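# Take a look and give me a structure for this.
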Amino acid sequence: MPIYEYRCVSCEHTMEALQRMSDDPLKVCPSCGKETLSKMVSAASFRLKGGGWYETDFKTGKKKQLADSGSGTGGGSDSGSKTPTPKAAS
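Below is the predicted model:
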């Protein structure tokens, strides 16, 4: 379930709420009791990092082979090696 951020227009109280996507937005501020709570737009709380997670995990057939041969890093899921490649000191 996603975590939504809310802000009260009246008292500027901010809060987070764990809600289902199908739930109605909250309206009553727990701080002042007025129906002036509004949902804020915020950044996602996770980042998808790492080489090749998309290129190799969601492609099939020839497209997957092109992603593996074009990267040159060997970091794909079909590389066969589970040990990280050491990086040169700069």
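
# Contacts for the helix or strand hosting residue 4, please.
Residue 4 is part of strand 3-8 when elements are defined by DSSP states H and E. Applying C-beta atoms under 8 Å, 6 or more residues apart in numbering, the contact partners of strand 3-8 are 13-19, 25-26, 29, 31-32, 34, 36-40, 42, 45. All C-beta spots, glycine's among them, are computed from the backbone N, C-alpha and C.

# can you tell me which of these are in strands?
Applying DSSP state E to the contacts of strand 3-8, the entries found in strands are 14, 15, 16, 17, 18, 37, 38, 39.

# follow-up on the earlier one: could you pick out the buried ones from the contacts of strand 3-8?
For the contacts of strand 3-8, a burial check counting by 16 or more other C-beta atoms under 10 Å picks out 17, 19, 26, 29, 37.

# So which of these is the closest to residue 2?
In terms of C-beta to C-beta, no member of these lies closer to residue 2 than residue 19, at 7.0 Å.

# low-confidence ranges in the chain?
44-90 (pLDDT under 70).

# wait, what's in contact with residue 14?
Contacts of residue 14 by C-beta under 8 Å, 6+ apart are 5, 6, 7, 8, 40.
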